[in-house]
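**Q** sharing a model that was predicted from the sequence below.
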Amino acid sequence: MRLTQSNRRALEILRDVKEMYPRQFSKAMWPDSPCWKHHTKAGPGGVMLAGGMNLAAGGYLAKLLRRGLVSLRYSSVHQPFYSISTKGRKALEEGHIS
């Protein structure tokens with residue numbers, strides 16, 4: 001399976017931890033992004049720092065999920081946790097990068 005450099009990095013992050021929330025993943029994947037300093041509107045009269053980063057991580061992880069490279073499970077409070085799948089581990093071991 002062909003992996004981009006970005007896919008490889010994402011899978012390595014997930015391989016090195018048991019499982020991650022999207023926000024934890026985004027902090028590990030894009031630690032130096034200027035988006036961490038942006039404020040996002042969050043409900044009536046509220047703002048959230050770096051709110052878009054959660055969405056970016058969720059979208060990125062969903063693409064990896066569709067390819068079968070990551071697995072998803074939900075906590076008891078319906079919080080999504082992502083982890084590397086067997087297929088993802090195999091792709092990393094094969095080392096194909098496109």
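**A** Cool, the structure landed. Residues are numbered from 1 along each chain as shown.
**Q** flag every buried residue along the longest helix along the chain.
**A** When the chain is parsed with DSSP state H, its longest helix is helix 51-66. Buried residues in helix 51-66, counted by 16 or more other CB atoms under 10 Å: 53-54, 56-58, 60-61, 64-65. From N, CA and C alone the C-beta is placed, and that goes for glycine too.
**Q** now for that helix, which elements pack on it?
**A** Contacting helix 51-66 under the criterion 3 or more CB pairs under 8 Å, 6 or more residues apart in numbering; DSSP states H and E are the following elements: helix 5-16, helix 22-29, strand 39-41, strand 70-74, strand 80-84.
**Q** ok now it, how far from the chain's centre?
**A** 6 Å (CA atoms, centre = their mean, to the nearest Å).
**Q** between the two ends of stretch 21-38, what distance do you get?
**A** Its start and end residues considered, stretch 21-38 measures 20 Å (CA to CA, to the nearest Å).
**Q** again with stretch 69-83
**A** 9 Å.
**Q** buried stuff in that stretch?
**A** 69-71, 80-82.
**Q** what of stretch 28-40?
**A** Within stretch 28-40, the residues scored as buried using 16+ other CB under 10 Å are 28-30.
**Q** lowest mean pLDDT across the helices and strands packed on helix 51-66, which one is that?
**A** Lowest mean pLDDT of these: strand 39-41, a mean of 72.
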